[in-house]
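Novice: Structure for the following, please:
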Amino acid sequence: MKNKNILKKGLVFGIIILFFGMSVISSMGRIIVDKQYTKVQSINKPSEEVLSPFYTFIHKQKNLQISPSIKNIIKKAVISGDDENLVPGVYIFNPCDPIDLEGIGTVSKNESTAVVYLHEGTALLNDTFSGEYIEWEIAALGTFGNFWGTCEGSSGYPFEPLTVTGSSEHALFMESSYMLEMRVSDEKYKRGTQIPVKIKRMVFPYMKLRDLKLVNPHFYVFESNEDVEEFNIVYEEELQETWELPLLGTKTWNWDQKDNYGNQVPDGNYSFVGEFGIDGIIHPVFGPGVEIVEKLGRNKGNPQMLFYQILEKFSLLERFLTLLIN
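Specialist: Numbers count the residues shown, from 1 in each chain. Model prediction:
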């Protein structure tokens, strides 16, 4: 029983990593009333005031770090002053009234801020947002600044029933699915070459193991350079087709480094976001970042990726030798 609880706790930490950690950032699902996409609203509060509860929550978790890429994405979304910017999977409300969250998860509150992890349940926000969350498929993480209302539930693991009602001066809300991930093979690519982006099925214990149908895959490429203040999408493409994704299968989308006008994008850092329809819900997937350079050095590969490739080859060799010996 103790080992099972440790495993479950590890999975909790793992899904938080999927929100913020490593180079592969999780998928995100959402439903918006009368809106196909989320629009970023400018807010009057400093961005760090909005983001601080998120960062505090993550830093309290053992051995977790916030990915610089996702941190930059969220910050750009929050400080952007253009209401027309599309940020799949990230929701900004200023104010957020009313708030009605109900389900299973964790909730913590200090004098002015509430932070909620909704493992399963429903969320109704600001009369414009409606989200449904399914255990081990879709979850949500939100922070509500200058919160007024009631919070009932546990502030730690194991997950327990929770209810959050009230309003807040500003809110940052993110959804995440356990079902998909995006990967690239290298950190740097030579200018003008294709960049393959792989979409894989995520597998965790306690999940329903099944094949997926991804309806109308929609890809975005945005600048992630530190000197770019706004969330600037340079290219997007929506495929009018359905992808069959087996449990252990992968799909690949190739970006030719062109912008929406057919021009080669300049050298710099870029990141990917994908949106996939699964069972009637749109799943935005935050992918890793890459750097486009004029020339590649000798060590162009990702050391971590190379390490895993070597391990995989050793594993295949071990299986082959075992067959010979037996």
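
Novice: can we go C-alpha only for contacts and neighbour counts from here?
Specialist: OK.

Novice: Quick check: which ranges of the protein have low pLDDT?
Specialist: Residues of the chain meeting the criterion pLDDT under 70: 1-87, 229-230, 298-326.

Novice: Could you list which residues are in contact with residue 116?
Specialist: Going by C-alpha atoms under 8 Å, 6 or more residues apart in numbering, residue 116 touches 105-108, 140-143.

Novice: what about 10 Å?
Specialist: Residue 116 sits next to 54, 57, 101, 105-109, 140-144, 151, 153, 155, 162-164, 173 when contact means C-alpha atoms under 10 Å, 6 or more residues apart in numbering.

Novice: Just the buried ones from those residues, in PyMOL syntax?
Specialist: Burial among the contacts of residue 116 is assessed by 16 or more other C-alpha atoms under 10 Å; the matching PyMOL selection reads:
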select buried, resi 54+101+105+106+107+108+109+140+141+142+143+144+151+153+155+162+163+164+173
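
Novice: can you give me the helices for this protein?
Specialist: 2-20, 47-59, 68-79, 303-325 (DSSP state H).

Novice: Show me how the record splits this structure into domains.
Specialist: The chain breaks down by automatic domain parsing into domains covering 2-177, 180-317.

Novice: For the stretch 151-300 of the chain, just list every one of the strands.
Specialist: 160-177, 180-183, 188-190, 195-201, 212-223, 233-238, 242-245, 250-255, 268-278, 281-293 (DSSP state E, counting those that start in this stretch).

Novice: so can I have CSV of those strands showing distance to residue 136?
Specialist: Below are the strands of the stretch 151-300 of the chain laid out as CSV (distance: least, C-alpha to C-alpha, whole Å):
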stretch, distance to residue 136
strand 160-177, 8
strand 180-183, 12
strand 188-190, 33
strand 195-201, 13
strand 212-223, 15
strand 233-238, 27
strand 242-245, 18
strand 250-255, 20
strand 268-278, 14
strand 281-293, 14
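
Novice: Can you check which of those strands gets nearest to residue 113?
Specialist: Ranking these by proximity to residue 113 (C-alpha to C-alpha) places strand 160-177 first, at 8.5 Å.

Novice: Determine the angle, from 0 to 180 degrees, between that closest one and strand 281-293.
Specialist: Inter-element angle recorded for strand 160-177 and strand 281-293: 50 degrees (by axes from the mean of the first three to the mean of the last three C-alpha atoms, to 10 degrees).

Novice: Nothing else from me, thank you.
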